[in-house]
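In: task: produce atomic coordinates for the following.
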Amino acid sequence: MIKFGISVQRFLRDSALALVGLMLTSGIAIAADQSKPQTLFTNVNVFDGKTNGLAQGMSVLVEGNLIKQVTKGVIEAADATVIDGKGRTLMPGLIDNHIHLALPGPTLPLMETDKTWEDIAIAGVIQAEMYLMEGFTTVRDAGGANAGLQRAINRGDILGPRIYPSGAFLGGRGGHADFSPFTAPIENQSNMSRLNIARDVDGADAVLKAARNNFRMGASQLKVMQSGGVVSAFDPWQMEGRTVAEIEAAVEIASQYGSYAMAHSYRKVSILRALNAGVKSIEHGFMYDCEIGALMKEKGAYITTNLTAFAPGLFDIPAVRDVPASLRKAKSATKAFAGYIDNMKKCPAKRGFHTDCVGDVSSCRKQIAYEKYLGGDFFGNYTTLVSLTSIGGEIAAMTGEFMNPYPEGALGVIEEGAYADILIVDGNPLEDLSVIGTQDKWFDGPDRPEGVETIRIIMKDGVIYKNTLSSSRAASGDEGAATIRARLTIDGRIAIYGVRFKTDNAELIEGSADTIAAIASVLKANPEVKIAVVGHTDNRGGHDHNLDLSKRRADAVVAALVSKHGIADDRLFAAGASFLSPITSNDSERGRALNRRVELVRVQ
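Out: Below is the predicted model of the structure:
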């Protein structure tokens with residue numbers, strides 16, 4: 001890994017990386033604060049996370065890590081990096097309110113008996129990057145994760161979304177948080193309890209101590225395991241796994257920290273009990289009805305539900321199908337939960353998006369895409385998009401003044417002063433939800449590609465993590481250096497689109513100089529680093545011609561780095577790949593444009 005004197009995150013914050021900003025005015029000149037660089041998005045249609053419609057022909061300006069202005073028409077910002085959205089949709093980054101970064105699967109028993117902290121940590125790092133590159137800029141870990149991954153992401157050591165951790169599940173012996181083997185004696189310390197992933201806490205006093213410890217370990221809210229589950233070993237889903245006193249103990253500690261408690265609750269009686277005890281977020285809530293909805297409104301509470309529980313193929317999931325007890329529980333639960341969809345339509349509550357994937361990255365990509373699809377199918381595109389954006393932002397804000405790890409701006413919305421967590425997508429997601437990555441099959445569906453092709457830009461906290469659009473100052477100056485530095489650190493490679501050539505030629509064209517200067521600044525700051533510069537073409541023309549062209553283009557970049565920036569030539573290696581390593585299909589001009597690139601690959 002490249003060693004840096006300061007963290008990537010700090011560098012990105014302090015570098016000239018500008019992002020999107022908003023304000024409901026018309027063409028006003030914006031003076032740049034030099035300590036807070038700007039990026040200006042033009043010609044975009046804005047979904048703000050709340051309104052059922054797009055604001056057409058907008059410009060959006062970001063200064064530093066916050067949205068500064070949104071206006072119809074022109075914003076004059078002379079020092080901003082300008083990206084033309086060309087009529088695409090600009091929307092908030094997505095929020096998943098129920099994930100488990102510390103539960104890599106494949107089964108609950110194996111996580112207890114066959115996973116070391118290294119296994120769990122590595123899986124969490126991979127999952128975190130996957131969520132970000134799927135367009136999720138914020139996630140709430142609903143049990144298991146402490147602050148370790150969050151801190152690493154905030155420092156810039158790894159890639160990932162903002163994380164709101166819950167610390168260890170607060171359950172009881174034989175409940176949904178009991179991962180111990182069948183023969184484990186009472187008071188046995190499990191692997192999960194040692195790692196503060198799950199705790200058996202019986203009695204209010206034990207809950208108080210464990211809840212305080214969770215906040216000590218970096219939790220921003222608490223998670224109480226109230227009901228049983230379907231795939232867990234010892235607990236019927238109908239079980240009432242917490243006493244009122246135990247629930248109230250968790251709520252009391254959360255309140256002392258200015259935050260809230262959420263509860264894993266299935267049955268109606270459990271949900272009502274949790275709400276009356278002060279719980280603010282009902283997880284799953286499968287027996288939701290209008291009485292519950294009225295009480296939620298009165299209490300200012302939210303619900304998040306994994307809609308895959310209502311999927312037609314639920315009984316075919318291996319974890320259900322292959323375990324007789326789980327299959328039996330799933331069949332009885334499905335009958336009891338049958339009214340959820342109709343009740344939620346009749347008496348809608350504030351419902352956040354919820355995936356609840358336990359497993360590897362490939363499985364979770366499928367589940368995320370299917371969960372999005374089911375949201376649109378059951379409740380419509382607008383309601384699903386709100387659940388993915390502004391509702392999640394409201395849930396995050398319940399962590400309050402003290403425990404909110406990201407207190408500077410709002411999340412899940414496009415408005416002045418909100419965090420610059422932004423996506424640009426092809427098309428209109430209000431009309432076609434597939435542009436944010438949906439799939440109409442779950443485990444029986446095809447493997448998903450890495451990332452969503454129609455999500456063209458992903459930004460979090462003023463940092464561009466994906467950009468398949470061109471910009472007038474793309475990868476320029478310190479902004480480009482920050483992005484290049486981050487990708488070489490994490491991935492060991494980066495595709496560069498700011499270096500451009502004349503058609504079918506190796507001559508660099510105007511506008512490439514800033515990007516080459518950014519590459520040089522990274523190399524100068526890290527003298528131990530050596531890179532390969534690899535040219536790539538589309539599939540137009542023969543292989544031999546393109547192999548020669550791609551090599552000559554790589555040579556041109558190396559020559560510019562050596563002659564204009566004084567980079568030692570023994571730190572650089574030029575190669576051509578012709579059309580043998582495409583990023584995407586060459587069947588469209590957009591695909592061919594993505595494949596025509598220069599890549600930097602760290603070789604030392």
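In: output the longest helix seen in the chain as CSV, nothing but the C-alphas.
Out: Ranked by residue count under DSSP state H, the longest helix found in the chain is helix 543-565. Taking Å, rounded to 0.1, in the frame of the first residue of the first chain, the C-alpha atoms of helix 543-565 are listed here in CSV:
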residue,chain,number,x,y,z
HIS,A,543,-5.7,-5.9,-33.2
ASP,A,544,-2.2,-5.2,-34.5
HIS,A,545,-3.1,-1.6,-35.3
ASN,A,546,-4.7,-1.0,-31.9
LEU,A,547,-1.9,-2.7,-30.1
ASP,A,548,0.6,-0.3,-31.7
LEU,A,549,-1.7,2.7,-31.1
SER,A,550,-2.3,1.9,-27.5
LYS,A,551,1.4,1.4,-26.8
ARG,A,552,2.3,4.7,-28.5
ARG,A,553,-0.3,6.5,-26.5
ALA,A,554,1.2,5.1,-23.3
ASP,A,555,4.6,6.1,-24.5
ALA,A,556,3.3,9.7,-25.0
VAL,A,557,2.1,9.9,-21.4
VAL,A,558,5.4,8.5,-20.1
ALA,A,559,7.3,11.0,-22.3
ALA,A,560,5.3,13.9,-20.9
LEU,A,561,5.8,12.8,-17.3
VAL,A,562,9.6,12.6,-17.9
SER,A,563,10.2,15.6,-20.0
LYS,A,564,7.8,18.1,-18.5
HIS,A,565,7.7,17.0,-14.9
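In: I figured Lys331 hits Leu314, correct?
Out: No - contact criterion C-beta atoms under 8 Å: Lys331 and Leu314 do not qualify, at 9.3 Å. All C-beta spots, glycine's among them, are computed from the backbone N, C-alpha and C.
In: so for these two, which sits in the more crowded spot?
Out: Per other C-beta atoms under 10 Å, whichever of Lys331 and Leu314 has more neighbours is Leu314, with 18 against 13.
In: next up, phi/psi of that one, please.
Out: phi -60, psi -40 (degrees, to the nearest 10).
In: which residues touch it?
Out: Thr308, Val320, Ala330, Thr334 (C-beta atoms under 8 Å, 6 or more residues apart in numbering).
In: any of the residues you listed buried? List them.
Out: Buried by 16 or more other C-beta atoms under 10 Å: Thr308, Val320, Ala330, out of those.
In: from these, which land in helices?
Out: Filtering the buried ones among the contacts of Leu314 for helices - DSSP H - leaves Val320, Ala330.
In: confidence-wise, which of the buried ones among the contacts of Leu314 comes last?
Out: Among the buried ones among the contacts of Leu314, Val320 carries the weakest pLDDT, at 78.
In: give the other helices and strands that the longest helix of the chain contacts.
Out: Counting contacts by 3 or more C-beta pairs under 8 Å, 6 or more residues apart in numbering; DSSP states H and E, helix 543-565 is packed against helix 513-525, strand 531-536, strand 572-576, strand 597-602.
In: next, the spatially closest residue to Val413 that is not a sequence neighbour: phi, psi?
Out: Nearest non-adjacent residue to Val413, counting by C-beta to C-beta, 6 or more residues apart in numbering: Gly49, 4.2 Å away. Dihedral pair for Gly49: phi 90, psi -10, per degrees, to the nearest 10.
In: picking that back up, tell me the most buried of the helices and strands packed on helix 543-565?
Out: Each of the helices and strands packed on helix 543-565 was scored by mean neighbour count; the highest is strand 531-536, a mean of 24, by mean count of other C-beta atoms under 10 Å.
In: report the strands that pair with it, each with its relative direction.
Out: strand 572-576 (parallel), strand 597-602 (antiparallel) (DSSP bridges).
In: and of those, who's closest to Gly427?
Out: Closest of these to Gly427 is strand 597-602, at 24.0 Å (criterion: C-beta to C-beta).
In: show me how far the closest one is from its chain's centre.
Out: 25 Å (C-alpha atoms, centre = their mean, to the nearest Å).
In: now it: mean pLDDT?
Out: 94.
In: now do the end-to-end distance for stretch 582-600.
Out: Across stretch 582-600, the terminal residues are separated by 15 Å (C-alpha to C-alpha, to the nearest Å).
In: so for that stretch, what gets flagged as buried?
Out: Going by 16+ other C-beta under 10 Å, stretch 582-600 has these buried residues: Pro582, Asn586, Gly591, Arg592, Leu594, Asn595, Arg596, Arg597, Val598, Glu599, Leu600.
In: can I get the residues you listed in JSON lines with distance to Ala80?
Out: Below are those laid out as JSON lines (distance: C-beta to C-beta, whole Å):
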{"residue": "Pro582", "distance to Ala80": "32"}
{"residue": "Asn586", "distance to Ala80": "33"}
{"residue": "Gly591", "distance to Ala80": "29"}
{"residue": "Arg592", "distance to Ala80": "29"}
{"residue": "Leu594", "distance to Ala80": "24"}
{"residue": "Asn595", "distance to Ala80": "29"}
{"residue": "Arg596", "distance to Ala80": "26"}
{"residue": "Arg597", "distance to Ala80": "24"}
{"residue": "Val598", "distance to Ala80": "25"}
{"residue": "Glu599", "distance to Ala80": "27"}
{"residue": "Leu600", "distance to Ala80": "25"}
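In: just the closest of those residues to Val386, please.
Out: Leu594 (31.1 Å).
In: the closest one contacts Asn586, doesn't it?
Out: No - with contacts counted by C-beta under 8 Å, Leu594 stays clear of Asn586, the gap being 9.2 Å.
In: overlap in contacts, those two.
Out: In contact with both Leu594 and Asn586: no residue, using C-beta under 8 Å, 6+ apart.
In: before we move on, the earlier item: tell me what angle the longest helix of the chain forms with helix 513-525.
Out: On the basis of axes from the mean of the first three to the mean of the last three C-alpha atoms, to 10 degrees, helix 543-565 is oriented at 70 degrees to helix 513-525.
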